[in-house]
Structure formats: structure tokens, C-alpha cells
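Undergrad: fold the following for me, if possible:
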Amino acid sequence: MNYNLASIAGGIAAFLEIAFAIALLTNFKSELIAKCTGVLLLLFGLSMVIAVNCKAPLDYSVFKASAGAFIVDGEIQFHSG
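TA: Numbering: from 1, shown residues only. Here you go, the predicted structure:
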């Protein structure tokens, strides 16, 4: 991946992380946003495995954060009905 494409993808990912965090804090479509956050973090962790090594996402707890987002989604589904 060339530098320009990587910087564009990184900017999009950073924007989505901020947008998802604000949406979760304001309770805007929480179930959908929690799923999207989990998928975004999972893709981020997998890209770290491919680009760097297997240890990097574990050092930064990316997979734990992704699992946490999916747990939030499960809690929202459980309490909504």
C-alpha cells in the first residue's frame, strides 16, 4: 500500500473512531454503532497483524476493545427486549 492510500485510510479510520465514540456517548443508534465499532476495531487489529506482527495488536489491546464493543451490543440487545 502506498503512502497516500495509507494516510487516507488512516484518516478515515480516525474520523470513524471519533464519530462512533460521540454517537455511543449520545445514545444515537447505540446497537448499530456498537456493532460498527466492534467491526472497525477488529479490522484495525487484523490489519496490524498483517502489517506489523501478531504481537502488536495484543500489546495495544485492540482485540479486547473489539470484544468490549460486541459485549456492549449484546447488553443493548438484552435490555431492549
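
Undergrad: how far away is G38 from L5?
TA: Note on G38: its distance to L5, by C-beta to C-beta, to the nearest Å, is 25 Å. Any C-beta I mention is one placed from the backbone N, CA and C, and that applies to glycine too.

Undergrad: list phi and psi for T26.
TA: phi -100, psi 0 (degrees, to the nearest 10).

Undergrad: list the contacts of L41.
TA: V62, F63, A65, S66, A69 (C-beta atoms under 8 Å, 6 or more residues apart in numbering).

Undergrad: give me that answer again for 6 Å
TA: By C-beta atoms under 6 Å, 6 or more residues apart in numbering, the residues touching L41 are V62, A65, S66.

Undergrad: which residue packs closest to the second one, ignoring adjacent ones?
TA: Leaving out its chain neighbours, the residue that sits closest to A65 by C-beta to C-beta, 6 or more residues apart in numbering is L41, at 5.1 Å.

Undergrad: now the helix or strand containing that neighbour: buried residues?
TA: Under the criterion of DSSP states H and E, L41 resides in helix 30-51. For helix 30-51, burial by neighbour count (16 or more other C-beta atoms under 10 Å) applies to 30, 33-38, 40-42, 44-45, 48.
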